[in-house]
Structure formats: structure tokens, C-alpha cells
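Participant: Model the following, please.
(one chain, ligands or ions: 1)
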Amino acid sequence: MKLIDNFNRIHEYVRISLIDKCNLNCIYCNPSNTLAKLESNKSILTYEELYRLVKILVRDLEVKKVRFTGGEPLIRKDVMKFFQMISSLKNQYGFEIGITTNGTHLLDKLDGLKKYGVERLNISLDTLKKTKFIAITGKDLFNETLSAIQKAIDLGFDSVKVNAVIIKNINDDELIKFIEYFKSYPITLRFIEYMPFTGNQWDDSKFLSWSEMKYRIEEKYSLTEIESDGKISKDFFVNESKLKIGFISSISDHFCDSCNRLRITASGQIKNCLFSNPSEVSLKSLLADKSIADDQIVRFIQSTLQSKWFKHPSADELATLNQNNMMSIGG
Ligand code: SAM
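Facilitator: Now for the predicted structure:
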């Protein structure tokens, strides 16, 4: 049975946050450092609960792709044991596994992740300058991330995407430099519009739309559009290179009508949309209780999806909301 909402959107893609904490304090995401403590994960889903959840999603709800995110998923204790558990489900039900990571704890895990069937890596990197990296993230871990990206490419993962959030007067001067740096690699470079979240000081003056980014890039490089069914990212080949680029235009040109994503927070709340409130009831209480049948959990997920809105509010409205934070949602 498929996961279908009231607007006939089929949800085959679920993003699950493994942890609501991060080791970086990116200015646009976790600037205040209030969420960065790495201890006390009592209320988050255990690996056993996560395993049960993924099993229900891929076996009963025809989910085809699961992406693990955070916070920073790879700082969670014993995370490789978890990916080993998930690999047995992949062998049985054949779905795609991806991870979204800042790459700082990735290098030594790459061989294991490949072995466990994780084939899609999205790695965040907002600048190619070490000093700017420290200014944006608060940590001196630029070399770790860059080495991990390089090794992921060398190991031949099915999909390597480098994600950069573009903010005016912070890193918009690096659009061309990013392409220059990665143009000989068979990866996708994705430029993400800066989104407003609680406490991240978003305002119009720092915002650069995808069309402005593309205009600037086309002054130097010619691009060929790649047709795609899902419109989450507007993708292009950079002509005469191995590189693809994509623009995530969540703000200037939302792609809600083709949204096929459901998010689950680290504590097990369902988020129908990146910008909506999480479900009041957490999946944790259901997943932890062995006397509750999987069917009941299926029904709960389906009924929660029915309250998904058709599209999220405008950027200005979002900037005034007070409940959203990428760290706890899982980006
Ligand atoms: N720690 C992981 C990482 O850095 O990729 C996963 C979590 S992070 C919240 C997921 C993605 O959300 C990253 O690519 C990050 O750049 C993006 N992100 C966070 N805050 C954002 C914002 N205000 N606007 C646009 N993208 C944002």
C-alpha cells in the first residue's frame, strides 16, 4: 500500500533524523550552539525502534528511498552498527539508502558504508576556503570534510552530491570557484537557497535566488538543462565537464506540488513538511511497544500524512514562525 496524501502525492521518500545534535554551529542552521551538546540522547529513537520503523516503511508502505540525516548523523554512537542492521533490510526489500552529512566524521566510515549498501551521499560544504569554513561552522574541520568528499568520489559511490547553502556576502562570491574546483569530478554540486528558520537571522538582503545564481554562473559556464520528473532540484550539466549542478529553490520557486517527502524527527515525530509543525504523537511510543501491531503504526503514519498542506507559507511568513529548527527537524 502506498503512502498517498490528500493531494494525491505519493510519498516514496522518507528522511529520518538520527540525532538532533550537531558538532558544527553553522551560522544559518545552528548558530546559537544551544543544541550542540553531544550527551543525553534519551528521548531519541533507539536503533531497534529505527529498524522497526524502516522495516514498516519499506515493507508495508512501499517507500523506495530512505535518507538518514540529523543534526549530524555520523556523530551518533555506534552508528556503523545501525547501518549494518539496515543493510539486512536493504537485502530483503531493496530500497535506496542515503546519508546527508557535514562530512567531518565521514572519512573513516566510507568503506563500511559502502559495504552496508549506502550508495547516496550528500555532503555539505559551503566554502572552499578554510578560514571561511571556520567562520561559518565554528570548527576547524575543513580538511576532514574535503578529504571525505575526495575519498567518496574515489570509492565510486552511486551518487555524491556536495551541498552549499548560498548566502549573499558570505559565499556567493564562490559560485564559480566551486564549479572550477569540482568540474573534473562525476558528482553533483547543489546550490541551496538560504531558508529562514528560528534564530538563523534570515532576511531578504542575504537571500540569493536560484535564478540569480544561475545567471552569475552562465557568465562563465554554459549549462544544459537535465529534464527530470520530480522537481526538487533544477539540474544542469556543466558543458565540457563531468560535473552536474543543481539548484534547490525552496524559497523563490517552491516545488511543493511534486513533494514526495516525509520527515521523521530524531525523537520520532512525523513532519509532513520541512516547515510544518511535527505530529503531536511521537512514533516512539508506538515503536517501543511490542504489543502494538505494525498495522497500527502503518495506519498512524497514513493518517498523519493526511494533514499535509498543499504548499508551505512564503519566506516572509516563515521568517516569523517560531517553531522551526533544522537541527531538530532533520534537514
Ligand atoms: N549535518 C548534516 C549536514 O550538514 O548535511 C545534516 C543536517 S543539515 C540540517 C541538512 C542540510 O540542511 C544541509 O545541507 C544544510 O546545509 C541544510 N540547511 C541547514 N540550514 C539551512 C538553511 N537555513 N537554509 C538552507 N539550507 C539549510
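Participant: if I look at the residue of the chain most remote from its centre, how far off is the ligand?
Facilitator: Largest separation from the mean C-alpha position in the chain: S291, at 32.7 Å (CA atoms, centre = their mean). S291 is 34 Å from the ligand, where distance means CB to the nearest ligand atom, to the nearest Å. C-beta coordinates here come from the backbone N, C-alpha and C atoms, glycine included.
Participant: Make sure that residue is indeed in a helix.
Facilitator: No - applying DSSP: H, G, I helix; E, B strand; the rest coil, one finds S291 to be coil, outside a helix.
Participant: Would you mind listing what in the stretch 151-300 of the chain touches the ligand?
Facilitator: 163, 165, 192, 194-195, 197, 200 (CB under 6 Å from any ligand atom).
Participant: out of those, which are buried?
Facilitator: Neighbour counting by 16 or more other CB atoms under 10 Å classes 163, 165, 192, 194-195, 197, 200 among those as buried.
Participant: For the stretch 201-331 of the chain, which segments count as helices?
Facilitator: 210-218, 283-288, 294-305, 315-320, 326-329 (DSSP state H, counting those that start in this stretch).
Participant: With mean neighbour count and mean pLDDT as added columns, please give the ones you listed in a markdown table.
Facilitator: Below are these laid out as a markdown table (neighbours: other CB atoms under 10 Å; pLDDT from 0 to 100):
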| stretch | mean neighbour count | mean pLDDT |
| --- | --- | --- |
| helix 210-218 | 16 | 98 |
| helix 283-288 | 18 | 96 |
| helix 294-305 | 16 | 96 |
| helix 315-320 | 14 | 73 |
| helix 326-329 | 24 | 60 |
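Participant: any low-confidence regions in the stretch 201-331 of the chain?
Facilitator: For the stretch 201-331 of the chain, the stretches with pLDDT under 70 are 229-231, 321-331.
Participant: what's in contact with stretch 193-207?
Facilitator: Under the contact criterion CB atoms under 8 Å, 6 or more residues apart in numbering, stretch 193-207 has outside partners 27-29, 31-32, 165-170, 208-210, 247-252, 274, 315, 318-319, 321-326.
Participant: Any quick ChimeraX command for the buried ones out of these?
Facilitator: The buried residues among the contacts of stretch 193-207 can be selected in ChimeraX (16+ other CB under 10 Å) with this line:
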select :27,28,29,165,166,167,170,208,209,210,247,248,249,250,251,274,315,318,319,324,325,326
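Participant: Narrow the contacts of stretch 193-207 to those in strands?
Facilitator: Using DSSP state E, the members of the contacts of stretch 193-207 that fall within strands are 165-166, 247-248.
Participant: Just name the closest of those to G156, please.
Facilitator: I248 (24.8 Å; CB to CB).
Participant: Could you list everything the closest one pairs with in the sheet?
Facilitator: In this entry, I248 is beta-bridged to I192, by DSSP bridges.
Participant: Any stretches of the stretch 1-150 of the chain with poor pLDDT?
Facilitator: Scanning the stretch 1-150 of the chain for pLDDT under 70 picks out 33-42.
Participant: Show me what from it comes close to the ligand.
Facilitator: So the stretch 1-150 of the chain meets the ligand at 22, 28-29, 69-70, 72, 100-102, 124 (CB under 6 Å from any ligand atom).
Participant: Secondary structure added to the residues you listed, as JSON lines?
Facilitator: Shown next, in JSON lines, are those (three-state DSSP):
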{"residue": "C22", "secondary structure": "coil"}
{"residue": "Y28", "secondary structure": "coil"}
{"residue": "C29", "secondary structure": "coil"}
{"residue": "T69", "secondary structure": "strand"}
{"residue": "G70", "secondary structure": "coil"}
{"residue": "E72", "secondary structure": "coil"}
{"residue": "T100", "secondary structure": "strand"}
{"residue": "T101", "secondary structure": "strand"}
{"residue": "N102", "secondary structure": "coil"}
{"residue": "S124", "secondary structure": "strand"}
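Participant: Number of residues surrounding the residue nearest to K177 when sequence neighbours are not counted?
Facilitator: Take K177 and drop its neighbours on the chain: the residue closest to it by CB to CB, 6 or more residues apart in numbering is L128, 5.6 Å away. By the criterion of other CB atoms under 10 Å, L128 has 17 neighbours.
Participant: name the element L128 belongs to?
Facilitator: Here L128, judged by DSSP states H and E, is contained in no helix and no strand.
Participant: Which residue ranges of the stretch 1-150 of the chain form helices?
Facilitator: 47-60, 79-93, 110-115, 130-137, 142-155.
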